[in-house]
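# Build me a model from this:
(one chain, ligands or ions: 1)
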Amino acid sequence: MFPWPAFGHISPFAPRKLVSIDSKIRVTFLTSAGTVPRVEAMLASSAKVTPLSLPHIPGLPSCASSTADLTADGAELLKLAVDATSPSVSALLADRPHRLRHAVGVRPRKASRRQGPLLRRLLRLLLRLHHRPLSPPVVRPRRTHGGPTRVPCHVGARHRASSPGTAPTSTTSAPSTGTTSACSSPDPPPPRHHDDEELDDRWATWLSAFPDASVIFASFGSETFLPAAAATELLLGLEATRSPFLAVLNFPKQAAMDDAAATELEAIIPVGLEERLEGRGVVHTGWVQQQQILRHRSVGCFVNHAGFSSVVEGLVAGCRLVMLPMKVEQHFNARLFARELRVGVEVARRDEDGWFGRQDVRDAVEAAVASGGGEEDDARKWREFFTNEDVQSKFAVDFVRELKEVVKGQA
Ligand SMILES: O=c1ccn([C@@H]2O[C@H](COP(=O)(O)OP(=O)(O)O[C@H]3O[C@H](CO)[C@@H](O)[C@H](O)[C@H]3O)[C@@H](O)[C@H]2O)c(=O)[nH]1
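Numbers count the residues shown, from 1 in each chain. Next up is the predicted model:
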């Protein structure tokens, strides 16, 4: 497995699911050297973590190992560095009997009769949004590591025929491009267990002071940073809802800028806001336990950037979703979940320049909180789909079987 070095991309990988299916499966997880301790902690021994040294790229800070360390421009340089690891990755793969690489792909025909219609609908919508044909049922990975093509799959395998242009020998219906993709599934948060990490006292105490489903939680993932003016409009919009809120706003971390976040936060908080809120709203910078917060009984609405994991986590936790996409496929995700699947509301933006104001944020939150009837039914249906253990384990079992077919085809 070789995900793009952004924690929002790394965290959905599910080696645990795979190794639990077949004890003979060994997962090697490639990641930039600087992320190894955090990745090892996340994977909890389900995979062997292999560090990759990022080659020097002019302009890329030497301490940068993931997008969390960088601005958007820096992340572009990180793509060059990840692409330049190609010789090291080739050397690692040369040691392996079979060449399997991570990619993303979809196999709509693999769904069971019961899950088929739902899954097919989701896949069709995603493919349509990406202007890709449904047949052959394969989405090819992008050449660079600029993030995966947006499909609802976080684990996959690509088989490359041994000589370029040779058709793969896999028994699966591979297209003439020489690429075979297998689909696992999204990796939604597991049901809550009694030994799950507890929410920090600080947030548990603050949240517990409010009635059920009354708090708005706003958070924008691991690598999406709102420009100052947008952050200010967001905060004023949240204030205008008159609901309690916890807003997490982060800033790109750069070498020698560690103290800057607090200063940046001060600059975007409108004058007088904190006094007006009197404790009803909190603005925080830094990592929080998103899943635990979403599951807290007092959190009812989740304003997010339409990062795929965030949307699924919010949906599974039963929160009303308000999406404020900022970049790349977040715009597709927001349209898919808000307009097509009707499980959330996207903040309206001005046509000419994409600007949104405080009233747009307020209106979207109010619309999401007020939604009910058919929209609530749709949300419930998708929640059931994402949390159905039979569906999830079938994805993983099928995925492993397809990997084996690819390997057999190569032998
Ligand atoms: O303070 C935080 C911030 C994030 N998270 C977790 O981090 C993950 C974030 O994932 P996601 O919502 O997918 O956001 P990003 O990390 O920002 O997502 C990147 O990766 C996604 C694909 O996984 C894309 O959809 C986005 O465009 C891209 O920015 C989720 O599991 C969150 O629970 C926390 O636990 N605490």
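
# is the ligand contacted by stretch 302-313?
Yes - residues of stretch 302-313 contacting the ligand under C-beta under 6 Å from any ligand atom: 307-310, 313. Where C-beta positions appear, they are placed from N, C-alpha and C, glycine not excepted.

# and whichever residue of the stretch 1-150 of the chain sits closest to the ligand, how many neighbours?
For the stretch 1-150 of the chain and the ligand, the shortest gap (C-beta to the nearest ligand atom) falls at Gly8, measuring 1.5 Å. Look at Gly8: counted by other C-beta atoms under 10 Å, it has 21 neighbours.

# neighbours around Ala94, how many?
So Ala94, with other C-beta under 10 Å, has 8 neighbours.

# about what we covered before: for the residues of stretch 302-313 next to the ligand, which one is nearest Leu273?
Ser310 (24.6 Å; C-beta to C-beta).

# circling back to that earlier point, mind checking the SS state of the residue of the stretch 1-150 of the chain closest to the ligand?
Classification of Gly8 using DSSP: H, G, I helix; E, B strand; the rest coil returns helix.

# contacting residues for it?
Gly8 makes contact with 221-223, 307, 309-310, according to C-beta atoms under 8 Å, 6 or more residues apart in numbering.

# Hmm, Glu239 is touching Leu273, no?
Yes - the criterion here is C-beta atoms under 8 Å, and Glu239 meets it with Leu273 at 6.4 Å.

# Quick check, Leu277 in contact with Leu238.
No - under the criterion of C-beta under 8 Å, Leu277 is not in contact with Leu238, lying 9.3 Å apart.

# These two - which one has more neighbours?
Neighbours around Leu277 and Leu238, counted as other C-beta under 10 Å, are more numerous at Leu238. The numbers are 27 against 16.

# what pLDDT does that one get?
Note for Leu238: predicted pLDDT of 98.

# So it versus Ala33, what's the distance?
For Leu238, the distance to Ala33 equals 39 Å [C-beta to C-beta, to the nearest Å].

# And for His296?
From His296 to Ala33 the distance is 36 Å (C-beta to C-beta).

# More neighbours: the two, which one.
Taking other C-beta under 10 Å, His296 and Ala33 do not tie; His296 has more neighbours (23 against 11).

# Nearest spatial neighbour of Thr31, chain-adjacent residues omitted?
With C-beta to C-beta, 6 or more residues apart in numbering as the criterion, Thr31 has its nearest non-adjacent residue at 4.9 Å, and that residue is Val39.

# Can you get me a residue count around the one you found?
Considering only other C-beta under 10 Å, Val39 is surrounded by 23 other residues.

# Which strand or helix spans it?
For Val39, the enclosing helix or strand under DSSP states H and E is helix 36-43.

# Thanks a lot, see you next time.
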